[in-house]
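[1] Need coordinates for the below:
(one chain, ligands or ions: 1)
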Amino acid sequence: MSNQRTTVLKSATPDLLNKNSASISALLQQYGCGPIPFVGTENAFYERHIVFDRAIDPKVASARERFEAFSHSVRDILAQRWVLTKATYERQNAKRIYYLSLEFLIGRSLANNVSNLLLDPVVQHAVDAKRIDWLELIDQEPDAGLGNGGLGRLAACFLDSMATMQLPATGYGLRYEYGMFKQSIVNGWQQENADNWLRDTDPWEIARPHEKVEVKLNCSFQLRGGSFQVVRGRPSSLIGIPFDRPVVGYGGKTINTLRLWAAAAPDFFDFKEFGTGDFVGALGETLEAESLTRVLYPDDSTTVGQGLRFVQEYFLVACSLADLVRRFQRHNTDWNELPEKVAIQLNDTHPSMAVAELLRILLDDAHLGWDQAWELAKKTLAYTNHTLLPEALEKWPAAWFEILLPRHLEIIYEINRRLLDEVRLRFPGDDRRIERVSLVEEGSQRKIRMANLAIVGSHSTNGVAAVHSKLLRTSTVKDLAEIFPERFSNKTNGVTPRRWLLQANPALSREITQAIGQRWITDLSQLKELGRFAEDRSFREVFLASKREAKVQFADWLKSTTGQIVDPDTVFDCHVKRIHEYKRQLLNALRIIVVYNRLRSNPGLEMTPRTFFFAGKAAPAYRLAKLIIKFINNLAETIDSDAAVRGRLKVVFVPEYNVSLAERLIPASDVSNQISTAGYEASGTSNMKFMMNGALTVGTRDGATIEMAEEAGEENLFLFGLTVEQVENSRSWYSPYWHYENEPETRAALDLIFSDHFSPNEPGVFAPLRDVLLTQGDHYMHLADLTSYCRAHEELGALYADRDAWARKAILNVASSGKFSSDRTIAEYASEIWKVEPCPIA
Ligand code: 26W
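    Numbers count the residues shown, from 1 in each chain. Next comes the predicted model:
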C-alpha cells in the first residue's frame, strides 16, 4: 500500500462517537448540532411527526405511517449535519469528486442511516417504550432499486465509503420513477412487474426545484402510441429537477449528497394552444418530457440501442455538468483551476458523453481555445470499465448524434481527427491500427465507440480487478493502451462493511467485535486479527453458532414470505446474481443433476444434505436467461417430488433478488458459487460479501475471486476449472461433444434433461439447452468445467462434515477479507486518480 493511500485511509477514519449514548440531545451535541425544536423528550422522537405531519393519533398509525415518521425523525437528526457538510465544502473550496452513474442500487435507507448515525440505542429506546414492531416498520420501506446489479451496487457502496472517509463527493444519477422490475415466478417462468417505488412519498428525498437546470436538444419528442418519437429540426429543451438524498458516513460526521435528476417540461405554458381549447395538448408537452426519467433500462449485458436510453445518458451528463460547473464558478474565476477543484468519475461508458459535453462548455460557453479546453477536460475526467463482453460495449449511431446533438458530434469528429493524426505519425502505414483505435466504427451504420471516447478524452482508465484490468489493457483496447500506457490502472472493487457485515449480520458482527474490538468497522484490514482465533475452540463455537442463527432467521423469513421450507442443518449453497450465460447458472444446475443421479442410483451414498439456493433476474429480452430460470424451477420441482432424494437434496429459486434479499441470504450462506467462465466476470462483488460473512467460495479463477484466493491462500477456497489462458488457448479446438461422449456422468445429466425428465408436461421446452450446450459449441465451456466442479463439490461436502475444520477455514476467510472493503478501493481512487483529501466538517 502506498504511503499516500495509507494517509488518506487513516485521516479518513472518523473518531467513533460514543455508541452507548441513548440520549438524542447528547448525540446532537457530539455532532456539534443544536437542539431540534419540539424534541423535548425522547418519547416525542418520532411521535411528533405522526401528530404534526399526519395529524393522527399515534395509537392508530399504520406501519407505513410509523415508518415515515421514524424516517423523518432520523432525517431531523442528520439535517443540520448535512447543512454543515455543504457549508464546509463551500467555505474550504475543497476539491470535489463527482461520481456519475446511470445506476445507484441503494436498497433501503432507514436501518442503514440509523446504524451509520449510531442511533441504535435511541431506536431501541423508542421501540421498547412504544412497543413498536421494528422489523415490520423497516419492512415498509421499498428498496430503491435504481440499478441492474454489480455496477449499480458498487456505486452505492462507493458513496458510503466516500462519506465515511469524509471525502467531498457527490453522486449524480437519474430519479427513475420505476426502478428495476419486480420479478415473480409463474409456472417456473419469470414475469416482470413494474416497480412503482415512489408510489408513496419517499422520506429521504428533498426536491430542489430552484436548482433546476435547462438541457438543450436539437430536436423534439412526441409520445405516440406509447413509444417515443423524434421530431427532427425542432430544437427543444428539457428541465432537470434535482432530488437530493443524504449519504450518511459512518459515525454521522459527514453527510454527502446523492443528487438524482428528474426530467420535466420547461415552465412555459403554450397559451395559444390553451386559448384554442387544447388544454390536454399543451399538457402533453409535460407528459413527454417526464417520460424520459420514467424507467430504468433493465439490461445489464447488451446495448439494445434504444433511443430513449441515449437521451437518458445525455440528460444525466448535461444536468450534472451544468450543476457542477455552476458550483465551480461560484468559487473560482480561472478555468485553469478546473482539474484542481473537480474530479469526475464516469461509471462505465454510460455517462461518457461527458467528454464531448465538457468540451462544449469550455469551448462554446467559456470561449477557451481547443488546446486549453482539451487539456482541462482530460485532466478532469476519469473512466472505469466494468465489462469486457463485446455485446455490452456501448456504440451509438452517429445519426442519433446528428439529430439530437450535432455540436457534440462535431466535437467528437475533431477529437478523432487529432487522435488519428497522432497515430499516423507514430505508426506510419498501419491502417488497421487506425481502424481499431478510431472513435468511429464504419459500416452500414456509422457508430461512435463510447469506450474509445472515454479513454481518449480522460486521464485515467481503470478496470475493477487485477485480471480484468490486465485483459482490458492487453486485449480489449490493446491499441489505445499502447498509445496511452500511463492512463491505465487497476482498482479492485470493494463493498461497504457497514451494510454488508455490521448491519446485515448482527450475530457475526457481535462476535467479531467481542474478539477484536470495533475498529474493523472503518478499517477492515483489522479483520486479520481474527486469524489467530481460528485456533481458538470457543471462538469457533460462537462463530458456528452465529452462522446457525443467521440460517434459522433466513429459513423463518423464507417460510413466512414464500411458504418454502428449508432445513438450517443442511449446507446452504448459494448462487445469486443476474442470470447470464457467462455466470453459468447452468453449470451449477448440471452439477446438481450429477449429484441427483448419484443419489438415485446409489441410495446408500453418504452425503451431507444440501440446499441449493438460486436467485437473480434475467433481462426481459434475454430469452435463454429466462429459460434458465424456468429450468431451475422445474429442477426444484422434480427433486421435491422425488422421494429418493428427499431430505438430502433441495433446490430453491428465491424470487425477486434485490439488495434486501442479499442482506438476508448472504449472512446465512455456507457456500458461495462464483463460477463464471474465466475471463468473463470483471470482478464480482457478491463474492466479497460472502467471504466477509463466513461462506466458503467454490469458484473459478476469475475476477476478484483470484485476489480473494491470494489473500486467504488457495487452500482456503475451492478453486476449479479452466484458467483465463486455458479458456483462450482451447477456444479453437474445444468441443463439448468430447465431454458428452467421454464422461458418463456428464452424458447422463444431459440425457436426463433431453429426455424431458424435468419437463414431463412440457415436452421439448428445454431443447434450446441442447443447442447452447452441445450443438452450438458451448461458448461458455460449461462441460469443460463440470467434472472439476463436481470434484470441488465433493471436497467441500467432506470438509463440512468436520465442523471444526470447516469453522477454521471460514474464520480464516473472514480474517482475509479486509482488502475487499470499498474504503480501500476509494482510498486508491482518491490518492491515485482524483488527488483529493478528506475534508472533515469543521
Ligand atoms: C448498456 C447495457 C449495460 C448495462 C450495464 C451494459 C453493461 C452494464 C454493466 C457494466 C454490467 C455490470 O454491472 N457489470 C458488473 O460490474 C461490477 C462492478 O464493477 C463487477 O463486479 C461485475 O463483475 C460486472 O459484471
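
[2] Y657 versus P406, what's the distance?
    P406 sits 42 Å away from Y657, taking C-beta to C-beta, to the nearest Å as the criterion. Any C-beta I mention is one placed from the backbone N, CA and C, and that applies to glycine too.

[3] Which of the two has more residues huddled nearby?
    The neighbour count for P406 versus Y657, taken as other C-beta atoms under 10 Å, is higher for Y657 (21 against 12).

[4] Spatially, what comes nearest to that one if we skip its sequence neighbours?
    Spatially, and ignoring its direct neighbours in sequence, Y657 is nearest to A615 (3.8 Å; C-beta to C-beta, 6 or more residues apart in numbering).

[5] For the one you found, name its beta-bridge partners.
    Listed by DSSP bridges, the beta-bridge partners for A615 are V576.

[6] Let me see the contact set for it.
    A615 is in contact with 576, 653-657, 661, 665, counting by C-beta atoms under 8 Å, 6 or more residues apart in numbering.

[7] if you look at those residues, which of them are in strands?
    Using DSSP state E, the subset of these located in strands is 576, 653.

[8] Throw the contacts of A615 into JSON lines and include distance to N256, thanks.
    Formatted as JSON lines, the contacts of A615 follow (distance: C-beta to C-beta, whole Å):
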{"residue": "V576", "distance to N256": "29"}
{"residue": "F653", "distance to N256": "37"}
{"residue": "V654", "distance to N256": "33"}
{"residue": "P655", "distance to N256": "34"}
{"residue": "E656", "distance to N256": "29"}
{"residue": "Y657", "distance to N256": "28"}
{"residue": "L661", "distance to N256": "27"}
{"residue": "L665", "distance to N256": "29"}
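
[9] What parts of the chain come near the ligand?
    148-151, 154, 299-301, 303, 348, 386-387, 392, 394, 464, 493, 681-685, 703 (C-beta under 6 Å from any ligand atom).

[10] Sketch out the strands for the stretch 701-842 of the chain, chain order is fine.
    Counting by DSSP state E, counting those that start in this stretch, residue ranges of the strands within the stretch 701-842 of the chain are 718-719.

[11] Separate out the buried members of the residues of the chain next to the ligand.
    A residue is treated as buried here by neighbour count (16 or more other C-beta atoms under 10 Å); on that basis the buried members of the residues of the chain next to the ligand are 148-151, 154, 299-301, 303, 348, 386-387, 394, 464, 493, 681-685, 703.

[12] Among the residues you listed, which ones are in helices?
    150-151, 154 (DSSP state H).

[13] for those, which one is nearest Q191?
    G150 (23.5 Å; C-beta to C-beta).

[14] how far away is S641 from L635?
    With distances defined as C-beta to C-beta, the gap from S641 to L635 amounts to 11 Å.

[15] From the neighbour counts alone, determine which of the two ranks first.
    With other C-beta under 10 Å as the criterion, S641 and L635 differ in neighbour count, and L635 comes out ahead with 23 against 8.

[16] Can you point out the buried residues in the helix or strand the more buried one falls within?
    Applying DSSP states H and E as the criterion places L635 in helix 623-640. Buried positions in helix 623-640, judged by neighbour count with 16+ other C-beta under 10 Å: 625-636, 638-639.

[17] in the protein, which strand has the most residues?
    Of all the elements of type strand in the chain, the one with the most residues (DSSP E) is strand 236-248.

[18] So what's the gap between it and the chain middle?
    21 Å (C-alpha atoms, centre = their mean, to the nearest Å).

[19] Same check on stretch 176-196?
    Here stretch 176-196 is found 18 Å from its chain centre; the criterion is C-alpha atoms, centre = their mean.

[20] Which positions in it come out as buried?
    Applying a neighbour-count criterion of 16+ other C-beta under 10 Å, one finds 176-183, 185, 188, 190, 192, 195 buried in stretch 176-196.
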